[in-house]
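Participant: here's my sequence, what's the structure:
(2 chains)
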Amino acid sequence: MPVTVKTFGSASEAASALSSERGARYLGGGTLIMRALNEGDIAISTVVRATDQALARIDVTSSRITIGAGVTFAKILAERELAFLHAPARSIGGPAVRNMGTVGGNLFAPNPYGDFTVALLALDATVSVQGGLGARDLPIEEFLQSRERQSGALVLAVACQRPASAEAFRYRKIARIKPKGGSVITLAAHLPVSGGRITGARIALGSMAAMQIRARAAERALEGRALDEAAINAAAAVAAEGVSPADNALGSGWYRREIVGVHLRRLLSGLE
Amino acid sequence: MTKTPLQFRHNGRDVALFVDGGVNLLVALREGIGDMTPKFGCGQGGCGACSVLIDGELHLSCLTLAEAANGRSIQTLDGLKDGPNLHPLQRAFMEQFAAQCGYCTPGMLMAAKALLDRNPSPTRAEVVEAISGNICRCTGYEPIINAVLAAASGGRARA
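Facilitator: This is a model prediction of the structure:
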């Protein structure tokens, strides 16, 4: 069934078109929306696009980075200043998908996808959203919790603080097929250290619930401690607290629950 | 529903056609201008059979909105050969028995071309990475990887 395609020069025009029609969806890289159209999704009546170059911009300052929603994973991999995000970007799809898929679209990617969002959740990113009532910035957790209601809003950019060191941010995706495959579990940890102790740890998990979640019990187990064996064991022991993983072709919920602690231990220990 | 006019470069030649709203580039190429070299595999971005180059970058034509190709340069397998002469990658695929049923071959060749265009002497690991978005259910990949490496070193020998 043919759909109407509306292309706009500015993101704000695209956002108003998106919020004014229930069946409108924003087309970024196409890896989600075109897939739905190819499958004959009748919920989509209008495809909204924006050619606004602002959506493809990357702004890097000494402490903070802002990535336009239309930035592709290939573009992140080409940006040396974003080296800390190269592991999550590289873990997504094959080269063609990385040339197409965008940071903004990844926020809407269902399990077993959405790996980049796991990294952004650990990094406590802010999501800039343009809705019918104007633009606003949301903490990524709040954004994810209201994701189902965000389809009428347009994501403009994501922003986060740059980790203090390469050690402070870690990422790991467990997949059945290497180098490309859907996620069995995706883990990311931001571990800021002050005076030898972890302060403000954030651990995010993908494929462990309906959407990306934080492993809060594991974060608490690390808080105020040095990243030693005892702290790592304590965090790994409670990694499955609060998770509700589903069964899919890549693994059962039971399996995911059993192995999340193992992979968290490896992530925290810096083991491959 | 009105049709949308569309113009792009197809293997170095300007083409113009009309498409229905929401149609993907693969349909535009196959049904619109009769280029049957890109294949429909999964329609989900999982198999790579529809891979084409858009402005030199590897893209999945089944996940590309046809209208997004307007004004851009599309290269498909159909444009790889030079008249009667096969491209070095095509020759290497033939010599290394890299095609069995052949359905994945157009996508594999375009993914390999995207790699060699930017990295003329890749390592084995780089070849594996470059074709990681392309599924082959016949060959077990080894002959394909060997063919890409052979085409790359053949290119060096001639240079």
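Participant: what is the burial count for the residue nearest to residue B:98 when sequence neighbours are not counted?
Facilitator: Residue nearest to residue B:98 in three dimensions, not counting chain neighbours: residue B:147, with 3.9 Å by CB to CB, 6 or more residues apart in numbering or on different chains. Heads up, the C-betas are built off the backbone N, CA and C, glycines and all. The number of residues packed near residue B:147 is 27, by other CB atoms under 10 Å in any protein chain shown.
Participant: go on, the one 3 residues further on?
Facilitator: Close neighbours of residue B:150, defined as other CB under 10 Å, add up to 19.
Participant: could you do residue A:43 as well?
Facilitator: 9.
Participant: hang on, it packs against residue A:23?
Facilitator: Yes - using CB atoms under 8 Å, residue A:43 is in contact with residue A:23, at 6.3 Å.
Participant: sorry, back to before: got the phi and psi for the residue nearest to residue B:98?
Facilitator: phi -70, psi -40 (degrees, to the nearest 10).
Participant: if I pick the residue nearest the centre of chain B, what's in contact with it?
Facilitator: For chain B, residue B:110 is the residue whose C-alpha lies nearest the centre (CA atoms, centre = their mean; 3.0 Å). By CB atoms under 8 Å, 6 or more residues apart in numbering or on different chains, the contact set of residue B:110 is B:51, B:52, B:53, B:58, B:75, B:76, B:77, B:80.
Participant: in a strand, residue B:59, correct?
Facilitator: Yes - per DSSP: H, G, I helix; E, B strand; the rest coil, residue B:59 lies within a strand segment.
Participant: for chain A, see how far away it is.
Facilitator: 6 Å (CB to the nearest CB, to the nearest Å).
Participant: give the bridge partners for that residue, please.
Facilitator: Beta-bridge partners of residue B:59, counted by DSSP bridges, are residue B:52.
Participant: residue A:105 and residue A:29 touch, don't they?
Facilitator: Yes - contact between residue A:105 and residue A:29 holds when scored by CB under 8 Å: they sit 5.5 Å apart.
Participant: pLDDT value on the residue of chain B found nearest chain A, please?
Facilitator: Closest contact between chain B and chain A, by CB to the nearest CB, is at residue B:133 (1.9 Å). Looking at residue B:133, its pLDDT is 96.
Participant: what sits closest to it if chain neighbours are left out?
Facilitator: residue A:94 is the one closest to residue B:133 (CB to CB, 6+ apart), at 1.9 Å.
Participant: can you pull the contacts of that neighbour?
Facilitator: A:180, B:48, B:111, B:131, B:132, B:133, B:134.
Participant: quick one: it from residue B:108, how far?
Facilitator: 11 Å (CB to CB, to the nearest Å).
Participant: what residues are shared contacts of the two?
Facilitator: Going by CB under 8 Å, 6+ apart, residues that sit against residue A:94 and also against residue B:108 are B:48, B:131, B:134.
Participant: so which of those residues comes closest to residue A:236?
Facilitator: residue B:131 (36.0 Å; CB to CB).
Participant: neighbours of the residue lying closest to the closest one once chain neighbours are set aside, how many?
Facilitator: Among residues not flanking residue B:131 along the chain, residue B:111 sits closest, at 5.0 Å (CB to CB, 6+ apart). Other residues lying near residue B:111 total 25 when counted by other CB under 10 Å.
Participant: which bits of chain A sit near chain B?
Facilitator: By CB under 8 Å from any CB of the partner chain, the residues of chain A that approach chain B are A:2-5, A:7, A:27, A:29-31, A:34-35, A:37-39, A:44, A:47, A:49, A:74, A:93-97, A:99-100, A:179-180.
Participant: could you report the neighbour count for residue A:67?
Facilitator: 26.
Participant: right, and the helix or strand after the helix or strand harbouring it?
Facilitator: Residue A:67 belongs to strand A:64-68 when elements are defined using DSSP states H and E. Proceeding N to C from strand A:64-68, the next assigned helix or strand is helix A:73-77, under DSSP H and E.
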